[in-house]
Structure formats: structure tokens, C-alpha cells
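J.: below: sequence and its predicted model.
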Amino acid sequence: MSAPLLHNYDLDEDCYRARLVAACTGVALDLRNVDMFPGAEHRSDAYMRLNPLGTLPILQDETLVLTQPEAILRRLAALDPERRLLPEDEVIAARIDDWLAFWAQHLAVAKAAREIALMATPGDLAALSARTARMLRVMEDHMTHQTIRGLGFFAGPELTLADLALFPAFALSRDHGLDHDAFPALRLWARRVRLTPGFITMPGIPDYH
């Protein structure tokens with residue numbers, strides 16, 4: 001069976017999430033790099049047939065075509081025979097679902113703010129960055145409580161899919177002007193994420209010391 005094919009743009013936050021999950025689980029992944037900016041290849045006729053929403057990433061796995069970031073991450077994590085990011089414990093699984101929903105519903109503002117800052121897409125950067133900061137404060141408060149309880153990650157004591165889904169929104173937020181010093185618990189958590197075997201980085205990810 002051939003490796004899944006990821007239609008990828010290296011600077012896209014959601015594409016990085018997919019590459020990161022594959023790298024941390026050892027899942028083989030073929031990449032097809034797309035000229036998203038400035039070429040807008042993802043909105044070409046060929047890509048609009050593949051994904052009418054005109055977004056990246058896109059994952060092709062045999063006859064399966066996935067276009068939603070959460071579905072892509074879940075598929076890649078499920079391809080890991082050890083299911084390292086998807087533990088069977090029902091409570092932890094529910095927490096993972098909760099944080100994946102938080103990412104999907106409340107952290108799109110972080111990606112939008114970054115795209116305005118880096119690619120000059122239209123939008124209110126100040127408002128989106130402020131909204132992102134409020135969402136990161138929710139994450140900061142949670143990780144502060146987790147640390148007090150002796151738990152190093154969002155869903156429990158071990159890294160899960162929730163952490164890898166949330167990580168880029170925080171790690172890349174300096175690209176649109178947020179100061180990471182305001183989020184000490186998230187800084188410590190990000191250091192732990194970076195220690196994950198297989199971890200890969202991308203431009204804009206700070207190397208915490």
C-alpha cells in the first residue's frame with residue numbers, strides 16, 4: 001500500500017499540523033508541494049475539483065480524500081499501529097475530543113491573524129490577534145492547572161493528538177505580534193512538545209531555551 005499523499009504548503013499552519021502528526025507517529029507521508037502563495041495554485045481548476053473549498057491541506061489515501069484539518073489529523077494518527085496519539089482510555093479520549101473541538105472552533109482566528117501578518121490577506125489583524133490572545137489565555141489557565149496536578153499535557157500525563165493540534169496556534173503566534181512571555185505555562189508545555197521523538201519544526205517556531 002502506498003503512503004498517503006499530502007498536498008502541502010510549507011508555511012501553512014494546518015499543513016504543518018499534518019506533517020507534525022505524521023513525523024511524531026512515524027507514519028510515512030508523500031508530499032506534493034503546492035504554490036499556495038503567491039501562485040494560488042490551490043484555487044486552480046484541478047485543485048477546486050479535488051477540494052471545492054479551495055483550501056489546504058488535502059490528504060489522499062488510496063480512494064479516500066480528506067479536506068478538513070481535524071479529519072486529516074485523526075486519519076494520520078489512526079494509521080499509527082501503536083496509536084500513540086489516540087489512547088484507548090475513555091476519559092482521555094473525551095478530553096482529546098474536547099480540545100480538538102476547541103481548536104477547530106476557537107483557534108481559526110490565530111491562523112487568520114498570521115495570514116494577514118505574513119501574506120497581506122484582508123482582515124482586521126488587531127481584532128484577530130486580540131481574540132487569539134484570549135483563546136491562548138484559556139489554554140494558559142488550563143496548562144497552569146494541569147501542571148499543579150502533575151500533568152504535562154492538555155489531555156493528561158502524555159502527549160496526545162490534542163497537543164499537536166493546539167501547538168502551532170501558540171508556537172506561531174509571534175508571527176502576528178503576540179509575546180510568548182505572557183504565557184509561561186504554555187512556554188513550558190511547548191518545550192515538552194518539542195522533546196517528542198520525531199518532532200519537526202517550521203519557520204516561525206521558536207527554539208525555546
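T.: That came through fine. Quantities reported herein were computed from a predicted structural model and do not represent experimental measurements.
J.: mind listing what's buried in the helix or strand bottoming out on mean pLDDT in the chain?
T.: Within the chain, confidence by mean pLDDT, DSSP states H and E is lowest for helix 45-50 among all helices and strands, at a mean of 92. Neighbour-count burial for helix 45-50, counted by 16 or more other C-beta atoms under 10 Å, picks out residue 47. From N, CA and C alone the C-beta is placed, and that goes for glycine too.
J.: the helix or strand following that helix: partners in the sheet, and parallel or antiparallel?
T.: Using DSSP states H and E, the next helix or strand after helix 45-50 towards the C-terminus is strand 58-61. Counting by DSSP bridges, the strands paired with strand 58-61 are strand 5-8 (antiparallel), strand 64-66 (antiparallel).
J.: quick check: mean pLDDT of strand 58-61?
T.: Mean per-residue pLDDT for strand 58-61: 98.
J.: run the chain-centre distance for that strand.
T.: How far strand 58-61 lies from its chain's middle: 16 Å, per C-alpha atoms, centre = their mean, to the nearest Å.
J.: kindly report the same for stretch 157-174.
T.: Averaging C-alpha positions (C-alpha atoms, centre = their mean) puts stretch 157-174 6 Å from its chain's average.
J.: and stretch 185-193, by the same measure?
T.: Worked out by C-alpha atoms, centre = their mean, stretch 185-193 lies 15 Å from the chain centre.
J.: got the domain boundaries for the chain?
T.: 5-83, 90-195 (the TED database).
J.: residue 181: neighbour count?
T.: 7 (other C-beta atoms under 10 Å).
J.: any idea which element the nearest residue to residue 57 once chain neighbours are set aside lies in?
T.: Leaving aside its chain neighbours, residue 57 sits nearest to residue 15 (4.5 Å; criterion: C-beta to C-beta, 6 or more residues apart in numbering). Secondary structure from DSSP H and E places residue 15 in helix 13-25.
J.: let me see the residues that make contact with that helix.
T.: 6, 8-10, 27-29, 31, 56-57, 59, 69, 72-73, 76-77, 79-80, 82, 84-85, 110-111, 114, 159, 161, 164-165, 167-169, 172, 196-200, 202 (C-beta atoms under 8 Å, 6 or more residues apart in numbering).
J.: ok, 6 Å please
T.: Residues from elsewhere that reach helix 13-25, judged by C-beta atoms under 6 Å, 6 or more residues apart in numbering: 6, 8-9, 29, 56-57, 69, 72-73, 76-77, 80, 84, 111, 164, 168, 196, 198, 200, 202.
J.: the residue in the chain sticking out farthest from the centre and residue 31: what is the separation?
T.: Going by C-alpha atoms, centre = their mean, the residue of the chain most distant from its centre is residue 45, 27.0 Å out. Distance of residue 45 to residue 31, given as C-beta to C-beta, to the nearest Å: 22 Å.
J.: all set now, cheers.
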